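Return atomic coordinates for the entry below.
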Amino acid sequence: MKSRMSSIWRPNHGVFVKDIGEGRFIFQFFHHLDLKRVLDGSLWAFGNFPLIIRQLGLGDHPMAVPLASTNFWIQVYHLPMGYIAENIGRMLGNMIGSFLDYDVTNKSSMWRNYMRIRVVVDAAKPLMR
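Residues are numbered from 1 along each chain as shown. Next up is the predicted model:
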């Protein structure tokens, strides 16, 4: 797990990985920018299974942190002209799960035919196409 995820994430200042049992791991990043890049870039997978990542707060017990949902960046295609907008993304995101973010950098070209939105989805439910 450590070598695989380290090679994918390539943290500049390293990462420590500890298996704490029951399919849970602790990842300790040694620089806040490495952590931010991993959290912002999710969804990550390991062995074709989603890797649900949560940042622990001060005093949080790692076995008590709920892992029932995960964040996805979703690309929405085949929208009519003029519908690649944040308000439409917010509406679609809330239909899929809970809207988190809209990628404003994605509309840098008038020829883009999709929008990127970030949503929280229930990890126990199947994904819709």
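
and residue 76, what does it touch?
Contacts for residue 76 (Cβ atoms under 8 Å, 6 or more residues apart in numbering) come out as 89, 92, 114-117. C-beta coordinates here come from the backbone N, C-alpha and C atoms, glycine included.

what does residue 5 give?
Contacts of residue 5 by Cβ under 8 Å, 6+ apart are 15, 17, 27, 44, 46, 51.

Buried by neighbour count, from these: which ones?
For those, a neighbour count by 16 or more other Cβ atoms under 10 Å gives the buried set as 15, 27, 51.

In this structure, where's the longest helix?
Across the chain, the longest stretch assigned as helix under DSSP state H is helix 86-96.

What's the PyMOL line that selects buried ones from the contacts of residue 76?
This is the PyMOL syntax for the buried subset of the contacts of residue 76, where burial follows 16+ other Cβ under 10 Å:
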select buried, resi 89+92+115+116+117
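
centre of the chain versus stretch 121-129, how much separation?
When distances are taken as Cα atoms, centre = their mean, to the nearest Å, stretch 121-129 is centred 14 Å away from the chain's centroid.

Name the residues of that stretch that come out as buried.
residue 121.

Contacts made by it with the rest, please.
Against stretch 121-129 from outside (Cβ under 8 Å, 6+ apart): 50, 52, 67-72, 96-97.

what do you get for stretch 64-75?
Contact with stretch 64-75 is made by 24, 42-43, 50, 52, 54, 56, 93, 96-97, 100, 103, 114-124, as judged by Cβ under 8 Å, 6+ apart.
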